[in-house]
Each structure stands twice: as C-alpha cells, then as structure tokens.
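Asker: I'd like to go over a predicted model; first the sequence, then the structure.
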There are 2 protein chains.
Amino acid sequence: MDTKKILLPESEIPRQWYNIVADMPTKPLPPLHPGTHEPIGPDMLAPLFPPALIEQEVSQERWIDIPEEVRDIYRIWRPTPLIRATGLEKLLDTPARIYYKYEGVSPAGSHKPNTAVPQAYYNKLAGTTKITTETGAGQWGSALSFACQHFGLACEVYMVRASYDGKPYRKIMMNTWGADVYPSPSIRTAAGRGILAAHPNSPGSLGMAISEAVEMAVHEEHTKYALGSVLNHVLLHQTIIGLETEKQLEMAGHFPDVIVAPFGGGSNFAGLGFPFLRHHLAEGKKVRCIAAEPTSCPKLTRGVFRYDLGDAVGMTPLLPMYTLGHNFVPAPIHAGGLRYHGAGAIVSQLLHDGLIEAQAHDQLTCFAAGVQFARAEGIIPAPEANHAIATVIKEAQRCKEEGRAETIVFNLCGHGHFDMAAYEQYLAGNLVEHEVTQREINQSLALLTTPLING
Amino acid sequence: MDTKKILLPESEIPRQWYNIVADMPTKPLPPLHPGTHEPIGPDMLAPLFPPALIEQEVSQERWIDIPEEVRDIYRIWRPTPLIRATGLEKLLDTPARIYYKYEGVSPAGSHKPNTAVPQAYYNKLAGTTKITTETGAGQWGSALSFACQHFGLACEVYMVRASYDGKPYRKIMMNTWGADVYPSPSIRTAAGRGILAAHPNSPGSLGMAISEAVEMAVHEEHTKYALGSVLNHVLLHQTIIGLETEKQLEMAGHFPDVIVAPFGGGSNFAGLGFPFLRHHLAEGKKVRCIAAEPTSCPKLTRGVFRYDLGDAVGMTPLLPMYTLGHNFVPAPIHAGGLRYHGAGAIVSQLLHDGLIEAQAHDQLTCFAAGVQFARAEGIIPAPEANHAIATVIKEAQRCKEEGRAETIVFNLCGHGHFDMAAYEQYLAGNLVEHEVTQREINQSLALLTTPLING
C-alpha cells in the first residue's frame, strides 16, 4: 500500500527561503511614489517596516537564511504533510496522481503564519513593540496575533466591520492570542473618523482597514505595520511551502507536471509554485503553475498590467500589478482572502512573460469542488482553497480524457472550520453567484491615472 | 535543539488494539438486564450492534487485530504527532518534561474518529446501511458522519436541541459529510413525540437523544446504533492513541511518570492511559494515570460505584459504573463531552481497585489553563482538553516544588475551533461557575433502585 501522507522530520525544515527574483528573466519593476511617479527607495518604507524586511523586499539574492528563532516556531506545525488525494483520484477515476500540501495544520489554520512569524521576529529585533495590521475574514489577523504573542509584541488588528460583526469567531481567536481587534472604520484614526463622519454606518473594506493600520503604525512610536500578501518579502517567506513539497515529492519519486494554488495577492501561489518554477527558469524543466482566482475578482484573467495603488485610499506606493483598479469593489464572496484588486509585482511580471497561467472559477463551482473533496478526503477546505480544488478537478479530468498520468500538486492552504456558515448556504442552495461585467471592469480601470507599462 | 514534534511514519500505525480486560486483576462486572437484574448475553445487544463489535465488547483477548480497511482510513491523519510542550514548560518554569498527543489533527477535530471508523466498518461488513446516534456539542456526531461517508453508509444524528440551535457549525460539518441531523426531541420517534407532547419547548438532553437514536435503530431495517464512549469496544479502539504514544516516547527515551486525559465516559482517558497501565499491571512498572473531570459532573471524585442505566430513560442495560445517578443533570458547562453521569465499566473497576486516579477542576480554572496553553503553545484546545491541561499544570508545579524532572503526557484530544464562543465568554469575564452540592448528588443517587456492588 502506498503512503497516504509524506512526512518530513523537523530537521528537514528548510534553512533558506528562495527568492525567485534572482532567476527571473525580466526583473519586477520598482514601486513608484504615488505623487511623483519616481521609483521609491528603501528608505521610504522605513516608517512601515523594519530594516531586515525592507532588505528582503529589494533583495536579488537567490537564497535568504531563515533565522533559527523563526525555524524554532515553525517547528510547532512544520514541516506540513504532503498528502496523496487517493479518495479524490478514485472519485474522479483519473490516471493523474494528485497531491495536496496541507497548510491547515498551523495553529491559525492556514499558511499565513509562515510569513507572520518572520515578520514578527524581524520587528522584535528592530525594537518594535507593536504591530498593526488589517484583516478581512480574519486569517491574516489570526496568524499575526499568534506570531506576535510568541515574541511578546502587542498586536492591533483593524478588522473590516462587516466581518467583525458577521464572523466573530476569528476575532475571538485573535483575542485568545492576546491581540486587540477593532472594527474598521474606527474612531481611533483620522482615516476612520473621516469615513465615519461621511458614512456613519460604513461596513468597512480592506482598503479602509489598511489605511487605519498604516496610520497607526506611522504615528505611534515603536509601532510598525505588517502585510499578509502581495509584497516580495511575503512571497519569499511562503516559499517554505514549495521547498518542503519538493523534498516530499522527491521521496515519492515525482516531479510535478501541474502546480495549482488559490490566488489573492500572490503569496499562497508563490509559496507553492516558485520553488518548482525555479527549475523551469534555471534548467528548462517544464512545469505548469496555475493560479486559481474567483470569477468575481478576475485580476489575472481579465485585469490589465499597469501601475496601481496597493490600497483603496492612496497610502501605499504604486505597484506594477495585474489589476482591476484600486476602486474595484469585489463582490462579497466567502473566499475573503481572494477579494483583492491586484496581484503582486513578481507574480504579475511572470504572468506577463507567459511563465505562469491563471484560471477563474465561480463560487458555486468552487463550493461543489470543496464538498466533493471533503467527502472524498475528509478535510473540509477553506473557501479560498476550493478555488484550487476546482482547477485540480478540471486538470484531472483532462488527464483522464488524454490518458495521461500527470502529477498534480495543489496548496490546501487552510481548513474551513471558520467558514461553516458558507457551507451551510451552499448546501441549502442559497449561495448566490457574482458575475462581473466587462463594463464594471472598464469603469474601474478608467479611473486609473497611473503610469502604463510598456511591452 | 531537541525535537518539538515526535512523528511516526504510517507504517507504524498499530496493527492491533490493546484490550486491558486481559490484564485486569479484577475483571469488569457484566451488564445486567434492567428488568430482571440478570446478566445479559451478547445476543441481547444484537439489535443495536453488529456481531464483530459485540464480540469485542465481551472479549478477553489481549490484542485484537485492526482491519486493513480501518488502518487505511486512519492514514488520513494517523499517526498523530506527540509534541513537547516546550512553551508551557518554560512558562511554568518546571523541571518536568511535558508532552501532548495531539488528536485534533483528525478531519473531525478530535479523537472520536478512532472508534467511529471501525464502528462504521464493522457495520458495513454486517450489511448495515444506516447508523443512528446521538450527539451533544457535536464532536461524536461529526466523527461518525465522517466515518459513515467513507463506507457509503447513511448516518442519522439526533442532536440535543439546545446544541442544534446554539452551535450550528458542528451540524453543518455533519451535513457537509452527508449526514442527516435532527434536533432532539424530534417528531420522528415515539420517544421524541412523547417528550414533545409533555414539553413542547424541551431543549433536549443527551439521554433523550440516545432514546431516539436507539428507537430508530431497533425499528428500522438494516439500521444499527453507535455510541462514542463508555462501552468496552469504544475504549478498545481508542487505545491506538496510547500505543502510538508509547512508540514515540521510546524514541525520546522516556517512560511517563504521569498520564493525564479528560474524562467523560472514559474512552479518551482509556485511549491514552491503558497501553501504559498495561506495563503497570503486567510488569509492575509504576505510572500514575489521572482522569480529569469537571467539578460540575464529578462522578469519579464524588460519585458511587454501583449499577446504573447508561441513559436517562431506561433503554440501555444496567452497567457497573461510578455514577452520579442517571437522573443527574450536569450543569451546561462548555465541555459538553464531559457532561455524562457515569463512567464505563472498565474504568470504574480500575478506579475502585486503586489502579487509576481522578482529579476535578472547575470551569474557570480549566479555561485559564486553556488560554495559558494557547499562548504558550499556539494550539487553542477544546474545552474538554482544558481539564487535562489544568491537571498537567498542577502536576508540573508539584514537580517544580519537589525538584523532580518527571515525564508528564496528556491527551490534547481536540482543538477548540468550534468553541470560540466559550472562549469569548471566558475572556469577557462572563463565564459562570457551576457548583454541585452534596445534597444534589445525594438526591440523584437516592432515586436509584439498582443493585449495589460489594467490595
């Protein structure tokens, strides 16, 4: 009987992260100042991030050491298992070999602690005493609360008001790890007070919450800000997922034909995909890396590649992104982690250069895939992960049609324990679909005045 | 750096369960017919359970083979990790070595699938097409739904009405795995209709739900009933926990001085403890096995050892139990899995013979322990598991006072992802304590007319 789970001992937790920038044929474009449109220097990021993270943000080094203090905390849940989806293979009657890397075993229940822990660590080193951040559905806020707790840092989370009211359990998880959680917009910041003055009943948005967290970080002493995706250093930290997976697949004697991961800002996808893509870039070893995004927020499949703001209100630099425009308001799908208007600079460049692929799936297809998976494999996936599963099912069916025994690997980035209300809606037939018209996208993009990207 | 997690490969999943009855100096007393008070034969259990489980219920064999089909499903999450609680040790500044066996990695989030899977398997073998059961907070119902799904059996769960209304997410988890869940009392059974006629707004109880599940199993064709604790075969299946732990501790070069597990009906405690107690019974190798129960349901520390019903309404045989009386209604503490009036026959006999110990903790102490653990170790425990943690903290403090580097091992039987409302109450200072007076216990016990046990 083949092994169901491929495990690594703790001694095999990688000692370095992989920085794909070193191997990219076209390097990512620099961030620009939102006023001058000139490239910004690392010093402009100093009010928000500690020096080590800014260094990583601009580094061209291929390998970057993981501090022992970080590996020590990783050991609570890493290495994560690589699991053969034997039940799903059987259900689909496919010749494909399907594996999933299960990141839901972390205390916070997703891959987010992979970057939360080093971010908290480097802040601690730099004398930071408090980190602020925003969170939507709460995965990122949970992960940062957990990480700050370990290093004795205060953690202040601005949680989108609609989520704060509607999904209280993630908030309590953060409180249990000692974080302070405020509904955003709040009266704690000028940004929040301004919004509340105009819209007293505002349900909030990720953009507003970012503005509040950034404002607090800039104005309070020894306080920095942390972001859970998009930026280069965040993608870097997540490569630990793919580096472990590579070792695990070697043990099984396979190299993937297809890599699949959900796509929000890019860190989930980069985490699993980049360590494999490196063999493609460096040795020409072919692997298809597919980013799975929601049809309701289709920046990769229907967006444009140009400079855009990272937030909704203009407090961040301009980043080179596949974007729907920073004014685009994604529909309230349950995969809150994928409701972001743009893709990070590295991933955008790779897509532009034809080195990665993207697929979009609607919400109903994704939940159907998630329930199929839960019944075949046991684990109930997070709504974000369901997007990857929908792609995997499609690829496995193609393998069946073509009679090809390809190896498909995907990132099961989190469990769905805090998303049962979404499953209830789906099972009751009450889940609504959110179509995006081309006109909506055009309208959002028409508002952009930011520089175009040539090529 | 020492290893944080001790992992076993899948090939080390035990091939046999351990039946402690073979090694008990005094064998457990037989169940009695509730009417005649005569010992009942295995045939009387046939309407409820398939032959293989009845055989296991009365077996005196020391080792019982685990079917390959069951081991195959165990491989989804087993072997579970044994984790060194380095963070907790540091926090308590204790010379004790503290380890926890983490059963929360199962898809259902607790140790319950260890017995749900073989119960579903043996039912499938016997031609059963549907299994009925009761569930309180939902851990057991989730586990059985997951197991039935794997073997293509229908699963019908009677969920205590108060939990059904108040804790809907466990219900949706069961639905996701294809089970039908009904609030109990329901109009589907004579028992339920009778209760509803007298009490239209009854919030239900575990006793009522058992009556409904048993009634359906008896009256419907190809339908059997399953229980999640108390019975000998359930304890047997859970010994896989301790058998794995034994191998893992050997790898670390330790034998436990103290074993701790939460106590509801006994299967959690037996699962971790019995494989170690066997060395005590067979070789005189000393180990203290401590059952941790709530002060609000103190059957081991304040109950009496006598025959009593397994349910509240008299549909089960009489079992020899440490009991508070089957009319005892435990206070609505959050550790729903520990709200049972009696202890299984084997565990009761062992306690009576002085071979195991028991400690009771109040709810506030347990949640304080759980939050300490979550902050020190990351994982947020189920309220049931917090009882074990409270005992572990007490024992670790004793080790500090005595300057002894004892090895303490406990069962972290589940995560608290579905119990965040309880943590919220605790963190907000709104958790109430439930004292049980001696008068309440005496009143409940005075209603018993069942046979006393001599000695």
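Answerer: Good, I have the coordinates.
Asker: residues contacting the residue nearest to A:Cys297 when sequence neighbours are not counted?
Answerer: What sits nearest to A:Cys297 in space, not counting adjacent residues and going by CB to CB, 6 or more residues apart in numbering or on different chains, is A:Pro330, at 4.1 Å. The way it works is simple: take the backbone N, C-alpha and C, and place the C-beta from them, glycine included. By CB atoms under 8 Å, 6 or more residues apart in numbering or on different chains, the residues touching A:Pro330 are A:Pro294, A:Ser296, A:Cys297, A:Leu338, A:Arg339, A:Tyr340, A:His341.
Asker: gap between A:Pro330 and chain B?
Answerer: Taking CB to the nearest CB, to the nearest Å as the measure, A:Pro330 falls 25 Å from chain B.
Asker: distance of that residue from A:Pro113?
Answerer: 25 Å (CB to CB, to the nearest Å).
Asker: do the same with A:Pro14
Answerer: With distances taken as CB to CB, A:Pro14 is found 15 Å from A:Pro113.
Asker: what's the following helix or strand after the lowest-mean-pLDDT helix or strand in chain A?
Answerer: Least confident helix or strand of chain A, by mean pLDDT, DSSP states H and E, is helix A:161-166 with a mean of 86. Per DSSP states H and E, the first helix or strand lying C-terminal to helix A:161-166 is helix A:168-176.
Asker: same question for that following helix, mean pLDDT?
Answerer: Averaged across helix A:168-176, pLDDT comes to 95.
Asker: just stretch A:342-359 next, same as before
Answerer: The pLDDT scores in stretch A:342-359 average 97.
Asker: can you check stretch A:369-388 too?
Answerer: The model assigns stretch A:369-388 a mean pLDDT of 97.
Asker: How far off centre is it?
Answerer: 18 Å (CA atoms, centre = their mean, to the nearest Å).
Asker: quick one: which of A:Pro14 and A:Pro113 has more around it?
Answerer: Higher neighbour count among A:Pro14 and A:Pro113: A:Pro113, with 31 against 22, using other CB atoms under 10 Å in any protein chain shown.
Asker: tilt between the helix or strand where A:Ser142 lies and helix A:168-176?
Answerer: A:Ser142 is part of helix A:139-151, with elements assigned from DSSP H and E. Interaxial angle, helix A:139-151 versus helix A:168-176 (axes from the mean of the first three to the mean of the last three CA atoms, to 10 degrees): 10 degrees.
Asker: can you count the residues close to the closest residue to chain B within the stretch 251-400 of chain A?
Answerer: Per CB to the nearest CB, A:Gly378 is where the stretch 251-400 of chain A lies closest to chain B, at 3.5 Å. Neighbour count of A:Gly378, defined by other CB under 10 Å: 21.
Asker: do the one 4 residues further on as well
Answerer: By the measure other CB under 10 Å, the count of residues near A:Ala382 is 29.
Asker: Could you find the closest non-adjacent residue to it?
Answerer: The shortest distance from A:Ala382 to any non-neighbouring residue, by CB to CB, 6+ apart, is to A:Gly414 (3.8 Å).
Asker: Give me the distance between the one you found and chain B.
Answerer: Going from A:Gly414 to chain B by CB to the nearest CB gives 11 Å.
Asker: Fine by me, we can end here.
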